[in-house]
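A.B. asks: what's the 3D shape of this:
(2 chains)
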Amino acid sequence: MLEFVNAGLAYGARQILHGIDLIVVPGERYGLLGSSGAGKSSLLRMAAGLTAPASGTCVNRYRYPALLFQEPRLLPWRRVRENIEIPLLAMGLSKKEAHERSRHWIHKVDLENASEAWPGELSGGMAQRAALARAFALHPDLLLLDEPFSALDPALRASLSGLCTAYVQASGAALICSSHHPAELVRMVDHCLLIQDGRLHRYDIDPHDAGATPARIAGLLHERLTEQQEARPDSHP
Amino acid sequence: MSIGQNGFSVFGGVAAANRGARHERDNPATAAQAMSGHKTSRLWSLIGMLLILLAWHATAKVMGSMMMATPLETLQAVPRLLGSAHFMEHAGASLMRIAIGVSTGCAVGFALGVVAGHSAQLRGLLEPLRWLLMSIPPVIVVVLAMLWFGLGSPMVIFMTVLMMAPGMYVNTVKGMLHIDSQLAEMTRVYRFGFWRRLRHLYLPALTAPLTAALLIATCGGVRLVVMAEVLGAESGAGYALANARSTFDTAELYAWVLLILLLVAMLEFMLLQPLQRRLGKWKEPSHA
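C.D. replies: From the prediction side, this is the model:
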């Protein structure tokens, strides 16, 4: 279980997040939205244990959390296969197990031909697929996605999002995924979280409730995001 | 020295190196130009060596064989020296001191550099010592070490360690401060332990500054050991060199110098440069 209790975060005098209360239990899928600089990455970094909250608490009891960054962050001096195997070895798997798991996930993300390539030889999409394989190979019980597909073309974005959804559904892992695209996000998740003025607003999606269908929620979130964007002082010349 | 030239330029970080590699692949013409600018010409190195030999020969002819042996006389003295009874004893003593002194100095400098790379307080604490050791003339350290340890191996090794460690420390700290913070974060997310981080993040990221520092330390270490042996040892190449000077055996003296130069060349071209090429393999695309 991942639990934020009245968590806040500040960079110097600038308050990024405050009063965050959230409990993420296994199998729950959350989408995280907010304008640029709203604090989406900060929230995910707190969940991954990279940043400690300035106030309140953030407790992560998941055994194998994985955070997929905006950039692939592959070790450039290790081959693609090694990039996937090293975290598995760090997790305590034997070399043989790590090799088998990496081979399985390299196949899943369709990178068989590039498994012995250096990360510098991969295209942006291939590198992000390798990063996805590295995260999935851990068999994470909490998957944190920090706009990992934002730089990819829509077709690849849809395909990798589909892979994430399939993994989460099959494994029962919890998911928090941040994105700039409400329409794409609502297809992946059950709940949407919008960060506005450092606070978290929750929108639950219910396909049977006419007022909370994915399309309605996506439209509502799109409106809120546009309002946020327009309200930003630097959005006006 | 090609490694020394680009040793500090890599401090822009791994990300920059990666970007550079991508850029070169995308622009073969630019890559070719860059290669021709950075790669040391072997032909011109050969010409440079011939010029040195020519100048050496001319100077020896002018000064006379008592003062300076010609290259030919030196070459003729080498087999005689190699066959002499004391050669192995002196060469072995020097090699042992070089190996222990340089490896310990580099290990201490590297270990302190890795720790200091994480701690501004430790960097501040070590800065005066670093400055002191890098500023003090090595000959003063030899004299002091002779007072403390007397003549022999402990003195030579002590001063080599003391003189080698700061160079390695400075390069390691600078490299550590430029390690890609995003990769460091990734290793935290995926729970790499210290040794795994050292092996898969720090050492590869520090390849360029470390190999440059290792090259400087090895070549400098040989020079320091020989100097310390000349001043205060009863065995070793430096001691034999001082002996040859005192008996006016100029050809043997130059033969020792030639063998020391050969040792440095072997260490650089047969050990350090292949090591650097192996560690930097990831920068060269393996397929188009």
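A.B. asks: which pLDDT value belongs to residue 222?
C.D. replies: No chain was given, so I picked chain A. What the model reports as pLDDT for residue A:222 is 73.
A.B. asks: please go with chain B instead
C.D. replies: For residue B:222, pLDDT reads 88.
A.B. asks: cool, and the one 5 residues further on?
C.D. replies: Note on residue B:227: pLDDT of 87.
A.B. asks: which part of the stretch 51-200 of chain B gets nearest to chain A, residue-wise?
C.D. replies: Residue of the stretch 51-200 of chain B nearest chain A, by C-beta to the nearest C-beta: residue B:190 (3.7 Å). (Each C-beta comes from the backbone N, C-alpha and C, glycine too.)
A.B. asks: poorly predicted segments of the chain, please.
C.D. replies: Since you didn't name a chain, this refers to chain A. A:206-215, A:228-229, A:231-237 (pLDDT under 70).
A.B. asks: that was the other one, I meant chain B.
C.D. replies: Using pLDDT under 70, chain B drops low at B:1-38, B:284-288.
A.B. asks: quick one on the thing from earlier: ok, the nearest residue to the residue of the stretch 51-200 of chain B closest to chain A once chain neighbours are set aside - contacts?
C.D. replies: Distances taken as C-beta to C-beta, 6 or more residues apart in numbering or on different chains put residue A:87 closest to residue B:190, at 3.7 Å, once the chain neighbours are dropped. Contacts for residue A:87 (C-beta atoms under 8 Å, 6 or more residues apart in numbering or on different chains) come out as A:134, A:137-138, B:190-192.
A.B. asks: which one of the residues you listed is nearest residue B:92?
C.D. replies: Closest approach between the contacts of residue A:87 and residue B:92, by C-beta to C-beta: residue B:192, at 41.6 Å.
A.B. asks: please, where are all the strands along chain A?
C.D. replies: For chain A, applying DSSP state E gives strands covering A:2-11, A:14-24, A:29-33, A:55-60, A:65-68, A:142-146, A:174-178, A:191-196, A:199-204.
A.B. asks: check for me that residue B:52 belongs to a strand.
C.D. replies: No - according to DSSP: H, G, I helix; E, B strand; the rest coil, residue B:52 belongs to no strand; its state is helix.
A.B. asks: what about it, distance to residue B:241?
C.D. replies: Computed as C-beta to C-beta, to the nearest Å, the residue B:52 to residue B:241 distance reads 20 Å.
A.B. asks: which of those two has more neighbours?
C.D. replies: The neighbour comparison of residue B:52 against residue B:241 (other C-beta atoms under 10 Å in any protein chain shown) goes to residue B:241, with 24 against 10.
A.B. asks: and that one, how far from residue B:75?
C.D. replies: Residue B:241 is 17 Å from residue B:75, by C-beta to C-beta.
A.B. asks: likewise residue A:140?
C.D. replies: From residue A:140 to residue B:75 the distance is 67 Å (C-beta to C-beta).
A.B. asks: other SSEs contacting the helix or strand where residue B:223 lies?
C.D. replies: For residue B:223, the host element (DSSP states H and E) is helix B:207-232. Here helix B:207-232 touches helix B:2-7, helix B:87-118, helix B:138-149, helix B:153-177, helix B:237-246, helix B:250-266, helix B:273-279, going by 3 or more C-beta pairs under 8 Å, 6 or more residues apart in numbering or on different chains; DSSP states H and E.
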